[in-house]
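Participant: output the structure for:
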Amino acid sequence: MNRGKKSLNFSSGRHFLQIPGPTNVPDRVLRAMAKPTIDHRGPGFAQLTFEVLEDLKQILKTSGAVVIYPSSGTGAWEASLVNTLSPGDQVLMFETGFFAAQWKNVAVRLGLEVDFVPGDWRHGVDPQVVESKLAEDRKQSFKAVAVVHNETSTGVTSRIAEVRKAMDRAKHPALLMVDTISSLASIDYAQDEWGVDITIGCSQKGLMLPPGLGLNGISEKALAVSKSARLPKSYWDWEAMININRSGFFPYTPATNLLFGLRESLHMLMEEGLENVFGRHKRLGEATRLAVKAWELELLCQNPEEYSSSLTAVVMPEGYDADAFRKLVLEKFNMSLGNGLGKLAGKVFRIGHLGDFNDLMLAGTLSGIEMGLALARVPFSKGGVTEALDYLSKR
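Facilitator: Okay, here's the model as predicted:
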């Protein structure tokens with residue numbers, strides 16, 4: 001060992017994980033996950049199952065069934081489709097960003113016919129387009145409308161309540177499926193009130209866990225439709241899951257220690273109060289945007305009504321590479337920022353401000369970005385951190 005020379009891999013202090021998921025896992029959750037694994041066929045496990053399923057209903061604001069899979073959010077996407085649709089069914093989907101396009105690809109590979117409404121990746125779903133598309137569908141061929149609530153690749157939040165109203169005005173019976181992967185437990189969401197039939201979620205963002213759990217929230221209408229769905233399914237089968245969940249168990253080996261962590265994270269959310277959680281995210285998102293505007297950089301999201309409380313995507317000035325900037329920030333300040341995905345690769349960086357996150361953590365994040373902009377010689381105006389701190393100190 002060379003005691004006088006610093007290792008190239010050494011970095012003092014903690015790593016700032018400021019991507020929009022996976023997010024920082026709180027110590028309480030880590031400790032809960034470190035418990036000894038228990039018998040997943042025993043009475044102690046059954047009680048754990050009942051607790052997390054009941055508490056998740058409160059997060060989704062639903063009285064309907066909730067199922068949890070050992071999976072990613074992609075698995076929860078697939079579960080929403082295979083449990084309710086049949087080969088050749090038509091689905092209305094919207095190009096709000098990279099993940100909306102990925103969900104569409106899953107649907108196409110499953111043998112569904114997708115009407116994919118093009119978008120510019122800077123706006124959310126237009127409720128008027130939803131209404132127009134469904135009104136034109138006089139044969140009611142669309143069996144589902146699938147919308148990403150908060151597009152993680154762009155920092156744009158679609159207005160789900162308005163989408164539901166548009167569907168109601170069109171008097172169309174299609175199911176409403178909503179991806180809440182980067183909005184659940186971060187941005188207000190009300191499955192029952194908004195008439196959502198299937199909610200898609202996962203563990204590694206607002207729920208403050210590592211990756212590994214996918215979930216579906218299911219309306220009575222969706223359950224009824226599932227009885228006649230003919231897409232092949234086994235692992236994702238709602239019926240098998242719901243039936244055995246009634247006794248507190250799973251049809252296959254569950255992710256036991258992630259469920260320990262989930263129980264703890266749900267307790268944390270309830271202790272803070274959901275409305276306070278949403279208010280905290282909204283406040284931190286606004287402070288971030290004020291910093292970006294003070295830097296005279298461009299927000300990717302163009303509609304203030306659709307600004308995300310979970311993340312902010314920032315457009316780099318022409319001729320500057322966002323990935324080179326991110327690399328510099330990681331090397332100099334031990335901070336990870338989200339990269340641009342798909343057609344936004346190299347053009348934007350994303351600031352995650354969701355999950356277990358507070359004012360001082362945001363202050364450090366924005367300071368790292370402002371120092372990084374200066375080191376990278378990106379044209380910008382100083383003072384973004386000060387602008388954000390002034391806002392936070394008054395609220």
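Participant: residues contacting A363?
Facilitator: Each residue near A363 by Cβ atoms under 8 Å, 6 or more residues apart in numbering is listed here: V385, A388, L389, L392. In short, each C-beta sits where N, CA and C put it, glycine included.
Participant: now render those residues as CSV, adding pLDDT.
Facilitator: CSV is the format used below for the contacts of A363 (pLDDT from 0 to 100):
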residue, pLDDT
V385, 98
A388, 98
L389, 98
L392, 98
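Participant: closest one of these to L284?
Facilitator: For the contacts of A363, the closest approach to L284 (Cβ to Cβ) belongs to L392, at 8.0 Å.
Participant: what about the strands in the chain?
Facilitator: In the chain, strands defined by DSSP state E lie at 16-18, 65-70, 90-94, 113-117, 142-148, 150-151, 156-157, 175-179, 198-202, 213-218, 298-299, 311-315, 335-339, 348-352, listed in chain order.
Participant: which other helices and strands does the last one contact?
Facilitator: With contacts defined as 3 or more Cβ pairs under 8 Å, 6 or more residues apart in numbering; DSSP states H and E, the secondary structure elements packing on strand 348-352 are strand 16-18, strand 311-315, helix 322-333, strand 335-339.
Participant: surely G201 meets L215?
Facilitator: Yes: applying Cβ atoms under 8 Å as the test, G201 and L215 come out as touching, 4.6 Å apart.
Participant: distance check, G44 against F50.
Facilitator: G44 sits at a distance of 11 Å from F50 (criterion: Cβ to Cβ, to the nearest Å).
Participant: of those two, which one has the most company?
Facilitator: F50 (14 against 10; other Cβ atoms under 10 Å).
Participant: nearest residue to that one other than its sequence neighbours?
Facilitator: Of all residues beyond its chain neighbours, the one nearest F50 is G248 (5.6 Å), with distances taken as Cβ to Cβ, 6 or more residues apart in numbering.
Participant: again, but for L290
Facilitator: With Cβ to Cβ, 6+ apart as the measure, E387 is the residue that lies nearest to L290, at 4.8 Å, once sequence neighbours are left out.
Participant: next, count neighbours for that neighbour.
Facilitator: E387 is flanked by 18 other residues according to other Cβ under 10 Å.
Participant: before we move on, back to that, could you export the helices and strands packed on strand 348-352 as TSV, including mean neighbour count?
Facilitator: As requested, these are exported to TSV (neighbours: other Cβ atoms under 10 Å):
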stretch	mean neighbour count
strand 16-18	21
strand 311-315	26
helix 322-333	18
strand 335-339	21
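Participant: coming back round to it: most packed of the strands of the chain?
Facilitator: Neighbour counts (mean count of other Cβ atoms under 10 Å) averaged over each of these peak at strand 150-151, with a mean of 34.
Participant: can you name the residues in contact with that one?
Facilitator: Under the criterion Cβ under 8 Å, 6+ apart, residues 96-100, 121, 124, 156-158, 180-183, 186-187, 308, 310-311 lie in contact with strand 150-151.
Participant: run me through the strand neighbours of that strand, direction for each.
Facilitator: strand 156-157 (antiparallel) (DSSP bridges).
Participant: just the residues contacting the partner strand, thanks.
Facilitator: The contact list for strand 156-157 (Cβ under 8 Å, 6+ apart) reads 96-97, 121-124, 149-151, 183, 187, 300-301, 303, 306-310.
Participant: any chance of the strands of the chain in JSON lines, plus mean pLDDT?
Facilitator: JSON lines is the format used below for the strands of the chain (pLDDT from 0 to 100):
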{"stretch": "strand 16-18", "mean pLDDT": "98"}
{"stretch": "strand 65-70", "mean pLDDT": "98"}
{"stretch": "strand 90-94", "mean pLDDT": "99"}
{"stretch": "strand 113-117", "mean pLDDT": "98"}
{"stretch": "strand 142-148", "mean pLDDT": "98"}
{"stretch": "strand 150-151", "mean pLDDT": "98"}
{"stretch": "strand 156-157", "mean pLDDT": "98"}
{"stretch": "strand 175-179", "mean pLDDT": "99"}
{"stretch": "strand 198-202", "mean pLDDT": "99"}
{"stretch": "strand 213-218", "mean pLDDT": "98"}
{"stretch": "strand 298-299", "mean pLDDT": "98"}
{"stretch": "strand 311-315", "mean pLDDT": "99"}
{"stretch": "strand 335-339", "mean pLDDT": "98"}
{"stretch": "strand 348-352", "mean pLDDT": "98"}
